[in-house]
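S.K.: I would like to see how this sequence folds:
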Amino acid sequence: MSITAAQVKELRSRTGSGMMECKKALVESDGDIEVAVESMRKKGMAKADKKADRTAAEGLVSISMDDSGLSGAMIEINCETDFVSRNEDFQAFAVGLSNQALGCADADLDAFMASNYAQESLSVEDKRRELIASIGENISVRRFIKVSAPSRVGHYKHGESIGVLVAMDGGDDALAKDIAMHVAASNPLCVDESNVPSEELEKERRIFMAQAEESGKPQQIIEKMVSGRVRKYLQEVTLLGQPFIKDPDVTVAKLLEKSKASVVSFVRYQVGEGIDKKVEDFAAEVQAQVANA
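M.R.: Numbering: from 1, shown residues only. You can find the predicted model right below:
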């Protein structure tokens, strides 16, 4: 039977697939769009499974805030190339998921992926696979979080790759944004000294002790040297101990004290952090191809 341009257009809008792929599916289904959609979804699942092992370390961070400003959600979605991270469908998927995450009680990723996507009759996982089929790269929803606060949640994004949510008690919106911006730039380990993991602190102390002992100085002096280095380390890795990025003469602790505000918690996402990326040596690849030829 004859397949019309209008049928192809409708199938493309529903699946996001290429024109020729849509036309082929319509021919195979004798022009039945519903059958064609189901067939293409099944093929999309197969394509997604084949791409599942490919490293997805690029992508973007999306942040959504509720109207009250007391809650915010942040999600990281990964793809294989920076080019795809600029794709409109990929970006719309990310925004849709961060909006959806605002309604989650906890950050259970498995439950989130199994939940219905927006108003569509498919799950987030199925939508992810459909997107893989239409875009042609592996796509993963890596993590998400919802943050609530007594006074307000500050938020800041640096481009598409770094996002921050800060739970504040007191202060105003401008201060909350400044603190979120500071976290994005300075990447503190935690809010204050009491939050520094004991194993992390002990590891640093052992390193400082080994370095100080090489000086050959008396043990009493070595102890003072180590204590000084530990204090400096704590200032460097804690939010409250760091110099404020907009005014290095003032610590974040002093800035908050001036406004009678405090930071309850913060979360910082950076796209691809902790993911082992495949290093491509383009010159070596070309040389290998020449040698094989």
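S.K.: residue ranges with poor pLDDT in the stretch 1-150 of the chain?
M.R.: 1, 14-18, 40-53, 55 (pLDDT under 70).
S.K.: in it, mark out all the helices, start to finish.
M.R.: Using DSSP state H, counting those that start in this stretch, the helices of the stretch 1-150 of the chain run over 5-15, 19-28, 33-51, 82-85, 88-101, 109-114, 124-135.
S.K.: how does the chain divide up, domain by domain?
M.R.: For the chain, the structural domains run 5-51, 54-148, 198-233, going by automatic domain parsing.
S.K.: how many neighbours does E200 have?
M.R.: Residues lying near E200 (other CB atoms under 10 Å) number 13. Every residue, glycine included, has its C-beta placed from N, CA and C.
S.K.: can you report phi and psi for the closest residue to it other than its chain neighbours?
M.R.: Distance criterion CB to CB, 6 or more residues apart in numbering; nearest residue to E200, sequence neighbours excluded, is L189 at 7.5 Å. Here is the backbone geometry of L189 (degrees, to the nearest 10): phi -80, psi -40.
S.K.: can you check the one 3 residues further on too?
M.R.: Here is the backbone geometry of D192 (degrees, to the nearest 10): phi -140, psi -180.
S.K.: give me every residue that touches it.
M.R.: 238-241 (CB atoms under 8 Å, 6 or more residues apart in numbering).
S.K.: what do you get for Q7?
M.R.: 26, 31, 33 are the contacts of Q7 under CB under 8 Å, 6+ apart.
S.K.: which one of those residues sits closest to E125?
M.R.: The closest of the contacts of Q7 to E125 turns out to be I33 (CB to CB; 23.6 Å).
S.K.: would you confirm that that closest one contacts L26?
M.R.: Yes - using CB atoms under 8 Å, I33 is in contact with L26, at 7.2 Å.
S.K.: I appreciate the help and will end here.
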